[in-house]
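S.K.: 3D, please:
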Amino acid sequence: MTETFWIAATVLIILALAFVLYPVLFHRRGTRQQNDLRNQNLMAYRSRMAELKKEHQAGIIDQESYQQLRDELAGAMLDDVPENETPAKTVPGRKAAMAVGLLAILLIPASAVVLYEEWGAMDSVEAFVAMKELSNSDDARATQMSKLTAQLRTRLEASPDNPEGWAMLGQTYMRLEQYNDAAWAFRELADSVSSDDASRAVALGLSAQAQFFLSQGAMTDKVTSAIEQARALNPDEVNSLSLLGIHSFSQGNYREAIGYWERIQTVAPDHPQLAAIQGGIKEAYSRLGEQPPAMNAPKMGEPGTGANAVSQAGGAGVSVRVTLADAFQMSIPNDTTLFLFARAANTQAGPPLAVVRLTAGDLPVEIRLDDSRAMAPQSVISGVKEVVVTARLTRSGNISAQPGDWQGSTDSPVAVTEDQGSPIELVIDQQLID
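M.R.: As a prediction, the model looks like this:
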């Protein structure tokens, strides 16, 4: 598209030069003036000769006077327009015209380029091209997506007043699981919409979500700071409420999680992940041993998937039986936090696709990891074919690995299936040193 733009611009410049140069280089003003003078003299001669002839015929002048006046008129005509003279084909000011033409050839294209660089929108044009190509990309074109993402980032850094571009860049970084870059892009989006508190709050909420994924589900200072900034602008910013609900649920604060998620139902009844949010609320009530209040059923075509949604019968997932190695039985207190989680087999970055928080006192335990255990609607276990399952005991209460934690992982990727038969065996048999 950029090449097409420059071709069109070149054609327009050539047309502009043609309009300027043609009258300068090919005018015939001097020649026309000479021809006009000849015609005027000739017409005057003929008119006077006709008058003389009429006067002679009317008897006003005699033959001798008529002949004398006729000869004098013919002589005067010959003096003005010699019979053997050939008009010079010269154009007055020719050198000046050539100079003007040369300057036009040099200045018009140069000034067009300079002025467009100053006042034009080439960065926006190229950013739009990159955005358009990104929107048509798929997983099979990851390398091309990375290249296009870099191009879009360069254009946006040069011309940052483009909220749509920053939103596209942040979403693309999220798809590529480059969460640190995604958080930065959403921050830039927040700056570009600084005059709109609601839009700025959403951008900050998205930045918090990216930071949450980067920390693998830990509520770090950066995540908390972004959430606080978003809620200062809009206390009901849904991305922030969702993260707070997920964190509260993971910490066993089910009542608090219910409060955050029910608030989303109230302020965003058309939220695209409403079914998943309702599933999380039901699960939280279930863990409190209470009956959840009546909720609107999901709309047709909106299955309950996403953050803590209720598992659908026959849903894809992995069944796991977790045990603790005999060597650690006496050294780990029963209240030690146990995290059981699954990640896509082809990456160890980003948030888990499914996670369960228990305690060491629950071991041994058999559990199924499915979409009801997802941390976020965008990342669910049913969306991948194979996962690596990890069980981690931690005194810090943080899902991120810390020195001193006890851990066990599957030796090879496990297939995600709808079969809820025999669970895989997972033993916590090592302690992390660093």
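
S.K.: Lys54 and Met43, how far apart?
M.R.: To Met43, Lys54 is 17 Å away according to Cβ to Cβ, to the nearest Å. In this view, the C-beta of every residue, glycine as well, is placed from N, C-alpha and C.

S.K.: Please, where are all the strands along the chain?
M.R.: With strands called from DSSP state E, the chain shows them at 317-324, 337-344, 354-359, 365-370, 386-394, 406-409, 414-415, 424-428, 430-431.

S.K.: who's in contact with the closest residue in space to Ile281 that isn't next to it in sequence?
M.R.: Spatial nearest neighbour of Ile281, excluding adjacent residues (Cβ to Cβ, 6 or more residues apart in numbering): Trp261 at 5.0 Å. Trp261 makes contacts with 241-242, 245, 277, 280-281, 284, as judged by Cβ atoms under 8 Å, 6 or more residues apart in numbering.

S.K.: Return the distance of Trp261 relative to Arg46.
M.R.: 106 Å.

S.K.: Near Gln402, how many residues? Count them for me, please.
M.R.: 14 (other Cβ atoms under 10 Å).

S.K.: right, and it touches Gln431 too?
M.R.: No - at 11.0 Å, Gln402 does not count as touching Gln431 under the criterion of Cβ atoms under 8 Å.

S.K.: Touching both of the two, which residues are there?
M.R.: Overlap of the contact sets of Gln402 and Gln431 (by Cβ under 8 Å, 6+ apart) is empty.

S.K.: Do a quick rundown of the helices in the stretch 201-350 of the chain.
M.R.: Remark: helices assigned in the stretch 201-350 of the chain by DSSP state H, counting those that start in this stretch are 221-233, 238-250, 254-267, 274-287.

S.K.: Mean pLDDT and distance to Val380 for these - can I get that in a markdown table?
M.R.: Below are the helices of the stretch 201-350 of the chain laid out as a markdown table (pLDDT from 0 to 100; distance: least, Cβ to Cβ, whole Å):
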| stretch | mean pLDDT | distance to Val380 |
| --- | --- | --- |
| helix 221-233 | 93 | 21 |
| helix 238-250 | 89 | 13 |
| helix 254-267 | 90 | 17 |
| helix 274-287 | 82 | 9 |
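
S.K.: wouldn't Ile61 be in contact with Gln67 here?
M.R.: No - applying Cβ under 8 Å, one finds Ile61 not in contact with Gln67, separated by 9.7 Å.

S.K.: Could you report the neighbour count for the spatially closest residue to Leu214 that is not a sequence neighbour?
M.R.: Leaving aside its sequence neighbours, Leu214 sits nearest to Tyr179 (Cβ to Cβ, 6+ apart; 3.8 Å). Using other Cβ under 10 Å, the number of residues around Tyr179 comes to 21.

S.K.: on that earlier part again, buried deepest among the helices of the stretch 201-350 of the chain, which one?
M.R.: The highest average neighbour count among the helices of the stretch 201-350 of the chain, using mean count of other Cβ atoms under 10 Å, belongs to helix 238-250 at a mean of 24.

S.K.: Tell me which other helices or strands it touches.
M.R.: Helix 238-250 is packed against helix 197-214, helix 221-233, helix 254-267, helix 274-287, with contacts defined by 3 or more Cβ pairs under 8 Å, 6 or more residues apart in numbering; DSSP states H and E.

S.K.: List the contacts of Ser194.
M.R.: Contacts here follow Cβ under 8 Å, 6+ apart; on that basis Ser194 touches Arg200.

S.K.: could you give me the average pLDDT of stretch 423-434?
M.R.: For stretch 423-434, the mean per-residue pLDDT is 89.

S.K.: My error: substitute stretch 59-67 in the last question.
M.R.: On average, stretch 59-67 scores 76.

S.K.: all helices of the stretch 51-200 of the chain, in order?
M.R.: Counting by DSSP H, counting those that start in this stretch, the helices of the stretch 51-200 of the chain are 63-80, 94-119, 122-135, 142-158, 163-175, 179-192, 197-214.

S.K.: Would you mind measuring from the closest residue to Leu169 other than its chain neighbours to Ala201?
M.R.: For Leu169, ignoring the flanking residues on the chain, the nearest one in space by Cβ to Cβ, 6+ apart is Ala185 at 4.4 Å. From Ala185 across to Ala201, the span is 16 Å (Cβ to Cβ).

S.K.: Show me which of the two is the more surrounded one.
M.R.: Ala185 (29 against 24).

S.K.: Quick check: the more buried one touching Gly165?
M.R.: No - in this structure Ala185 lies outside contact range of Gly165 using Cβ under 8 Å: 9.3 Å.

S.K.: Overlap of the contact sets of these two?
M.R.: Contact criterion Cβ under 8 Å, 6+ apart; residues shared by Ala185 and Gly165: none found.

S.K.: Just name the shakiest helix or strand of this protein by mean pLDDT.
M.R.: With mean pLDDT, DSSP states H and E as the measure, the helix or strand of the chain carrying the lowest mean pLDDT is helix 122-135 (a mean of 54).

S.K.: Now stretch 338-350: average pLDDT?
M.R.: For stretch 338-350, mean pLDDT is 80.

S.K.: Distance to Pro160 and mean neighbour count for the strands of the chain - can I get that in TSV?
M.R.: As requested, the strands of the chain are arranged in TSV below (distance: least, Cβ to Cβ, whole Å; neighbours: other Cβ atoms under 10 Å):
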stretch	distance to Pro160	mean neighbour count
strand 317-324	43	20
strand 337-344	33	23
strand 354-359	37	20
strand 365-370	42	19
strand 386-394	39	21
strand 406-409	43	19
strand 414-415	45	16
strand 424-428	48	17
strand 430-431	48	15
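
S.K.: Compare those strands and give me the one nearest Arg255.
M.R.: Nearest to Arg255, of all the strands of the chain, is strand 354-359, at 15.7 Å by Cβ to Cβ.
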